[in-house]
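Student: Okay, here's the prediction I keep looking at, along with the sequence it came from:
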Amino acid sequence: MNSEDTIASLYLQVKNEVTHIQGKLTFEKFQKIHKDFIKLSSLIDKADLFSNNENFKEIPFDNIKYLIINFDHGKFLDKYAVSSQLSNDSDPLKRNKLRILVLEIVESMIWKFIKLVVIDLKIFDYLKTINDSSVYNELNNWIMNYYELRQNEISNNGSKGFVKLNELEQINFKKSTPMERRDMKINKWKLEKELKERIKILDENDIKNGDNNDDLDDFNKFDDDVMRRVRIDQIVLAITESISMLENFAMEREMLTHVVGNAIDEELKELRLGDLRLKEIREEENDSRTKGKFDKGFTDKVEYLNKDNKNNIISKEGKVLQPFTIVPSNEKRKELQGKVFGTGQELPTMTVEELVDYELANGGMVKPSEPEPEIDEDDYKWQDSETYRLRDWDNFTDENRKGSGNKMSNLG
């Protein structure tokens, strides 16, 4: 059996396994299907079925169905990777951390599918020659904008970089009115509904092939051009679903990151997803991004100045580069460094009580009010003095009207 026959046989096997999943998937079954997907992807890569130098029109009909393997694999992991390993009553924190790891892996698989079909093979350029629909332009523009944001995130943050929700909103709301955005969503929904009806025959054919059923007359009655068009519809539907998945992933991943943080436990990295080169996907992308990374000429990391180098304190031209203190000797410098942490100079000291007294005296703090003394109605001496005090104040205000002070000296 040659490589193409092996790929075709394994493809039907994987499609049959996924189609016949019923109820909760056990971990053993999940691992079996997962490894079959990995093996199938590896065989396709080794066979060089697709090249960046060719366009979509040049791909043979029998190979078109293999374009969506990464998409199907990503959907499978998204649905079963967590539920097959952790029950609903397991630790929520552990489930959330595993979900973040799965989202990282699935996003890479979905994007690998989109990049191959849309950016490398330029499927939308081919579709425009058949049907110049505005929906294809909208989908292509969205993907190219996402591609730019994703490159920036991975270049800046490595394999942990992902497109944030606010960045996706910039794509969705860029140069469009509310009515245009509404029409775009409606057109996308109509396209998905139409495509799902068209590709039903493919799902039925894959099931029959998987069951080794020879009754394929309904499928074989169509010519190659019709079936090629149906296969293309299957890919376009996968693209529209991928866009929805990427939008949902951005929202879910940002929410989970706020809950559990960015750190993923080492045990989760090996949680039954290892040995299948899944983590290498983002690492390979990170390497390809950083090799051609633009040199900004500065670093946004915290810098450390070597204080033993005198050139870092005063330049050759005599310009002071950072604050410093002149000391008579190294012993004095060590003494000052031992007394004060941070500034490199001695600072005046003050106790808390002295600080409070100083602030009270200079109006920096409000002095707590003292309780008013109780009035003794039988104390006639106090009442007479209070009466004279109030009477004197009334006489003063009558003789000195408000604002009648030394105006001449206050005119400035």
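Tutor: Now that the structure is in, tell me what you want to look at. Numbers count the residues shown, from 1 in each chain.

Student: Tell me the helix or strand right after the worst-scoring helix or strand of the chain on mean pLDDT.
Tutor: Using mean pLDDT, DSSP states H and E, helix 279-291 stands out as the lowest-scoring helix or strand of the chain, at a mean of 44. Going down the chain from helix 279-291, the next helix or strand is helix 330-339, by DSSP states H and E.

Student: show me where the stretch 1-150 of the chain has helices.
Tutor: Taking DSSP state H, counting those that start in this stretch, the helices of the stretch 1-150 of the chain run over residues 3-19, 27-47, 61-64, 69-80, 92-114, 123-130, 134-157.

Student: Now for L86: which residues touch it?
Tutor: Contacts for L86 (CB atoms under 8 Å, 6 or more residues apart in numbering) come out as 94-95, 98. For the C-beta atoms, the positions are set from N, CA and C on the backbone; glycine is no exception.

Student: tell me the pLDDT at the residue lying closest to E241 once chain neighbours are set aside?
Tutor: Computed as CB to CB, 6 or more residues apart in numbering, the closest residue to E241 that is not its neighbour in sequence is E192, at 7.3 Å. Predicted confidence (pLDDT) for E192: 82.

Student: just checking, E192 touches V236?
Tutor: No. Using CB atoms under 8 Å, E192 is not in contact with V236; the gap is 9.1 Å.

Student: Compare neighbour counts for those two and give me the winner.
Tutor: When E192 and V236 are compared for neighbours, V236 comes out ahead with 22 against 14, by other CB atoms under 10 Å.

Student: Distance of that one relative to L149?
Tutor: As for V236, its distance to L149 is 23 Å (criterion: CB to CB, to the nearest Å).

Student: got a list of what L77 touches?
Tutor: 34, 102, 105-106, 109.

Student: Then M109?
Tutor: By CB under 8 Å, 6+ apart, the contact set of M109 is 70-71, 73-74, 77, 281.

Student: Most neighbours among the contacts of L86, which one is it?
Tutor: Neighbour counts for the contacts of L86 (other CB under 10 Å) peak at L98, which has 24 neighbours.

Student: any idea how far E58 is from that one?
Tutor: 41 Å.

Student: Please apply the same query to H258.
Tutor: Look at H258 and E58: by CB to CB, they are 46 Å apart.

Student: Please apply the same query to K185.
Tutor: 33 Å.

Student: do K122 as well
Tutor: With CB to CB as the criterion, K122 and E58 are 11 Å apart.

Student: Looking at those two, which is more packed in?
Tutor: The neighbour count for K122 versus E58, taken as other CB under 10 Å, is higher for K122 (16 against 11).

Student: Nearest residue to the more buried one in space, please, no chain neighbours.
Tutor: Counting by CB to CB, 6+ apart, K122 lies nearest to N55, which is 5.5 Å off, once chain neighbours are set aside.

Student: tell me the contacts of the one you found?
Tutor: 121-122, 125-126.

Student: that older thread, show me what contacts the residue nearest to E241?
Tutor: Residues in contact with E192 (CB under 8 Å, 6+ apart) are 237, 240-241.

Student: Can you classify it by secondary structure?
Tutor: Under DSSP: H, G, I helix; E, B strand; the rest coil, E192 falls in the helix class.

Student: can you count the residues close to I239?
Tutor: The criterion is other CB under 10 Å. On that basis, I239 has 24 neighbouring residues.

Student: hang on, it is in a helix, isn't it?
Tutor: Yes. Under three-state DSSP, I239 falls within a helix.

Student: where's it relative to P92, distance?
Tutor: Distance from I239 to P92, counting by CB to CB: 34 Å.

Student: Could you list the low-confidence segments of the stretch 251-400 of the chain?
Tutor: Scanning the stretch 251-400 of the chain for pLDDT under 70 picks out the ranges 261-325, 337, 339-350, 364-368.

Student: please redo it, this time with the cut-off set to 80
Tutor: For the stretch 251-400 of the chain, applying pLDDT under 80 flags the ranges 260-377.

Student: Likewise for the stretch 1-150 of the chain?
Tutor: Within the stretch 1-150 of the chain, the segments meeting pLDDT under 80 span 1-3, 52-53, 88-89, 131-134.

Student: which of the residues in stretch 83-91 are buried?
Tutor: For stretch 83-91, burial by neighbour count (16 or more other CB atoms under 10 Å) applies to 84-86.

Student: can you put those residues in a markdown table and add distance to E377?
Tutor: Shown next, in a markdown table, are the buried residues of stretch 83-91 (distance: CB to CB, whole Å):
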| residue | distance to E377 |
| --- | --- |
| S84 | 88 |
| Q85 | 85 |
| L86 | 80 |
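
Student: Go through these and say which is closest to N141.
Tutor: Relative to N141, the closest of the buried residues of stretch 83-91 is S84; by CB to CB it sits at 37.1 Å.

Student: The closest residue to the closest one other than its chain neighbours and L103, how far apart?
Tutor: The shortest distance from S84 to any non-neighbouring residue, by CB to CB, 6+ apart, is to F30 (3.8 Å). As defined by CB to CB, F30 lies at a distance of 17 Å from L103.

Student: between the two, who's got more neighbours?
Tutor: For F30 versus L103, neighbours defined as other CB under 10 Å are more numerous around L103 (23 against 20).

Student: how close does the more buried one get to L195?
Tutor: L103 sits 25 Å away from L195, going by CB to CB.

Student: what do you get for M245?
Tutor: 16 Å.

Student: go on, P92?
Tutor: Distance, P92 to L195, using CB to CB: 37 Å.

Student: swap in I33?
Tutor: Counting by CB to CB, the gap from I33 to L195 is 25 Å.

Student: what do you get for N53?
Tutor: Relative to L195, N53 is positioned 29 Å away (CB to CB).

Student: Mind checking which of these two has more residues around it?
Tutor: More crowded of N53 and L195, by other CB under 10 Å: L195, with 20 against 7.

Student: pretty sure that one contacts T240?
Tutor: Yes. Applying CB under 8 Å, one finds L195 in contact with T240, separated by 7.5 Å.

Student: Please name whichever of the helices of the stretch 1-150 of the chain is nearest to L168.
Tutor: Among the helices of the stretch 1-150 of the chain, the nearest to L168 by CB to CB is helix 134-157 (7.7 Å).

Student: Which other helices and strands does that closest one contact?
Tutor: For helix 134-157, the packing partners by 3 or more CB pairs under 8 Å, 6 or more residues apart in numbering; DSSP states H and E come out as helix 123-130, helix 165-173, helix 178-198, helix 224-260, helix 279-291.
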